[in-house]
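Participant: with the input below, show me the fold.
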Amino acid sequence: MDSEDVEGEKTLNVGFRKADAGNSNRAEALHAALEKEEALKTIINNSQVVLFLLKNEDKWPVEFVSENVGSFGYTVEDLTSGRVLYRDIIYSDDVEKVQEEFEKNIKNEASRFIIEYRILTKTGDLRWINQRTFIQRSAEGEITHFQGVVLDITKRKKSEEKLEKALKMQKILTAVINNSPAVVFLWRNEKYWPAVFVSDNVIQFGYTVDDFISQKIQYGRIIHPDDLEKVEEELERSIQKGEVSFNSEYRLFTKAEDVRWVNERTFIQREEDGKVTCFQGIVLDITPRKKVEEALRKALEMQKVLKTIMNKSPAVAFLWKNIENWPAEFVSENITQFGYTVEDFTSGNILYGDIIHKEDIKAVIENLETSIREGYDSFEMEYRITTGDGNILWVEERTFIQRDSKGNVTHFQGIVVDVTERKEAQKMLEIQRELGISLSTTWNLQTMLNRILDACLQIKEIDAAGIYLKDELLDQINLVAYRGLSSEFVKTISTYKTDSPEARQIWTEKPIYKLDFYSEKMGDLIRKEKITSVAVIPMKHRGEIIGSLNFASHTRDRIPQNVRNFLESVALLVVNYVAPIRIEADLA
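Facilitator: Prediction:
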């Protein structure tokens, strides 16, 4: 081997050694890179971040996705095979928004952007995600891919939604309170109850929130001094009894020093050991109600003095829907005076139209429709109703017609008052008036007697009647006219001697409303006749008893006071017509 060959071999060997060294370095670098890639994959696949590489093509086919896409129910194969395109997993209501966001950032030549939207998991569940997108371009500037970093933010979104709802509800409650007449307080359990919180609507009493929160004004100091001790004692009793609430009505001063009546409903707040810390109260201005109560109290006192006032029943309040037969949304508990319960109406078992008398319902409907059509705000009418036990009552209804913002009638807010006694009193006065006119047109005694009986028997509480006149010649009293009695009974009672128990009672000059004044024999006859109550009204003319008006009922166990008053008035009226004719007949 010549020297050139040896040299060449040396050179070749050196080259191989260098090549081996280079290959070794590259292998180490490749190994290190693979290890780093594997580490990154492990980190990513064990994290909540899902990586996507999307092609800039229709519906964004997936070129790469990290294995933890399984958290959404999909496999890598589902997406990289093209079976599922990225746009397919975006919730349909959000697709347009996502598309627009991509297009906007491409147009603005942005390199990255962030968007939040919803996707569908493979099982169809909705997930909120936050996506950070990097826009990849070629050397020529063409957009080739979108590299997305996706994070599941569903829990955060749900928390945000709950917070939003809570804040919205808080806003609504605050608005409701501040627009309502009820003022909300939170007082400390200290002297004069300093306020920790007060709602804005305290302005209705002339104060500001700051007046109380700054302690410039303490609540106890605005309570009327004549009521403060009572409030303190009542509150202390509630605390000592371990009660959770306190309710009281008292007076307080406004900032302008006017006096207002309020109703306070307070919840007593305690620590675990029972120590009272705060009072959470609702204060409602009831001054108008108190004025009404005071007026009502005076009116009731006046009613006791004035015997002519018939209506003693409180008003029954209703809220009816503007639907056929007026179903009731609300009725006050004193509906029991008509023989019904609140539940009867509010359950829908009974509609208000059902209890209106069948002879009056048409007129009620027509008058109400006229009031609505002519744009009136109220409706008033008297009509009859049937009570729960089948009786008929006259009522007066005063109703406010409620309309919505479009003018459509939605409800009727009514007050129904029993005016039966007033109507009956009017009826009795009319009967007396007509009877007086009728009697003045005849001088025939029998005609007069018949007219008297016909008039009195218009009163539903009595169903039988008789008129006795004194016969001076025979020293007896005779039944001269009657109605509603059996012929057998009439034969027995047609005549009484003036010294009989029945006649002697009449001569006492006082009306009789009891059955026990009759003799035992007469009592048996009355029971056989099935008479349950009587009214015997003496007729007195110029100091002398000339006879009596006798009335009876087969259904009532007593003659009501208003009917008694009517019958006594009739006796005073008719005696002035009957007596002159009777005297004339005696003289003849």
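
Participant: please, where are all the strands along the stretch 51-200 of the chain?
Facilitator: Remark: strands assigned in the stretch 51-200 of the chain by DSSP state E, counting those that start in this stretch are 62-65, 112-120, 126-137, 143-152, 182-188, 195-198.

Participant: would you convert those into TSV that also reports mean neighbour count, distance to residue 323 and mean pLDDT?
Facilitator: In this view, the C-beta of every residue, glycine as well, is placed from N, C-alpha and C. TSV is the format used below for the strands of the stretch 51-200 of the chain (neighbours: other Cβ atoms under 10 Å; distance: least, Cβ to Cβ, whole Å; pLDDT from 0 to 100):
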stretch	mean neighbour count	distance to residue 323	mean pLDDT
strand 62-65	19	60	92
strand 112-120	16	43	93
strand 126-137	17	42	92
strand 143-152	18	51	92
strand 182-188	19	31	88
strand 195-198	18	42	90
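
Participant: which among these is found nearest to residue 332?
Facilitator: strand 182-188 (20.8 Å; Cβ to Cβ).

Participant: I'd guessed residue 196 sits against residue 184; true?
Facilitator: No: the criterion here is Cβ atoms under 8 Å, and residue 196 misses it with residue 184 at 11.3 Å.

Participant: joint contacts of these two?
Facilitator: Common neighbours of residue 196 and residue 184 are not found (criterion: Cβ atoms under 8 Å, 6 or more residues apart in numbering).

Participant: which stretch among the strands of the stretch 51-200 of the chain comes nearest residue 349?
Facilitator: Nearest of the strands of the stretch 51-200 of the chain (Cβ to Cβ): strand 182-188, 33.2 Å.

Participant: just checking, what packs against that closest one?
Facilitator: Contact partners of strand 182-188 among helices and strands, from 3 or more Cβ pairs under 8 Å, 6 or more residues apart in numbering; DSSP states H and E: strand 195-198, strand 276-285.

Participant: adding distance to residue 447 as columns, could you present these in a markdown table?
Facilitator: Shown next, in a markdown table, are these (distance: least, Cβ to Cβ, whole Å):
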| stretch | distance to residue 447 |
| --- | --- |
| strand 195-198 | 81 |
| strand 276-285 | 67 |
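
Participant: nearest to residue 429, out of those?
Facilitator: Across the helices and strands packed on strand 182-188, closest to residue 429 is strand 276-285 (Cβ to Cβ), at 44.1 Å.

Participant: and the contacts of the closest one?
Facilitator: With Cβ under 8 Å, 6+ apart, strand 276-285 has contacts from 181-189, 193, 196, 204-205, 235, 239, 246, 260-271.

Participant: just the angle between it and strand 182-188, please?
Facilitator: The directions of strand 276-285 and strand 182-188 differ by 160 degrees, with axes from the mean of the first three to the mean of the last three Cα atoms, to 10 degrees as the criterion.

Participant: strand 276-285 pairs with which strands, parallel or anti?
Facilitator: According to DSSP bridges, strand 276-285 forms sheet pairs with strand 182-188 (antiparallel), strand 259-270 (antiparallel).

Participant: report the buried residues of the last one.
Facilitator: Neighbour-count burial for strand 259-270, counted by 16 or more other Cβ atoms under 10 Å, picks out 260, 261, 262, 263, 264, 266, 268.

Participant: closest one to residue 301 out of those, please.
Facilitator: residue 261 (20.0 Å).

Participant: quick one on the thing from earlier: can you list the strands paired with strand 276-285 in CSV and add distance to residue 58?
Facilitator: Shown next, in CSV, are these (distance: least, Cβ to Cβ, whole Å):
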stretch, distance to residue 58
strand 182-188, 59
strand 259-270, 63
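
Participant: quick one: low-confidence ranges for the stretch 451-588 of the chain?
Facilitator: Within the stretch 451-588 of the chain, the ranges that satisfy pLDDT under 70 run 501-502, 505-508, 517-519, 582-588.

Participant: likewise the stretch 1-150 of the chain?
Facilitator: Checking the stretch 1-150 of the chain against pLDDT under 70 turns up 1-47.

Participant: show me where it has its helices.
Facilitator: 3-45, 76-80, 92-107 (DSSP state H, counting those that start in this stretch).

Participant: same question, the stretch 301-450 of the chain
Facilitator: 342-346, 352-355, 361-373, 420-439, 445-456.

Participant: so which of the strands of the stretch 51-200 of the chain gets nearest residue 544?
Facilitator: Short answer: strand 182-188, nearest of these by Cβ to Cβ, at 71.5 Å.

Participant: how about residues contacting that closest one?
Facilitator: Counting by Cβ under 8 Å, 6+ apart, 177, 193-199, 201-202, 204-205, 212, 219, 277-284 sit against strand 182-188.

Participant: one more pass at 10 Å, please.
Facilitator: 173-174, 176-178, 193-205, 207, 212, 218-220, 262-267, 269, 276-285 (Cβ atoms under 10 Å, 6 or more residues apart in numbering).

Participant: quick one on the thing from earlier: quick one, which of the strands of the stretch 51-200 of the chain is nearest to residue 449?
Facilitator: Short answer: strand 182-188, nearest of these by Cβ to Cβ, at 68.0 Å.

Participant: run the chain-centre distance for stretch 382-393.
Facilitator: Relative to its parent chain, stretch 382-393 has a centroid offset of 26 Å by Cα atoms, centre = their mean, to the nearest Å.

Participant: can you pull the buried residues of stretch 317-333?
Facilitator: 318, 319, 320, 321, 322, 326, 327, 328, 331.
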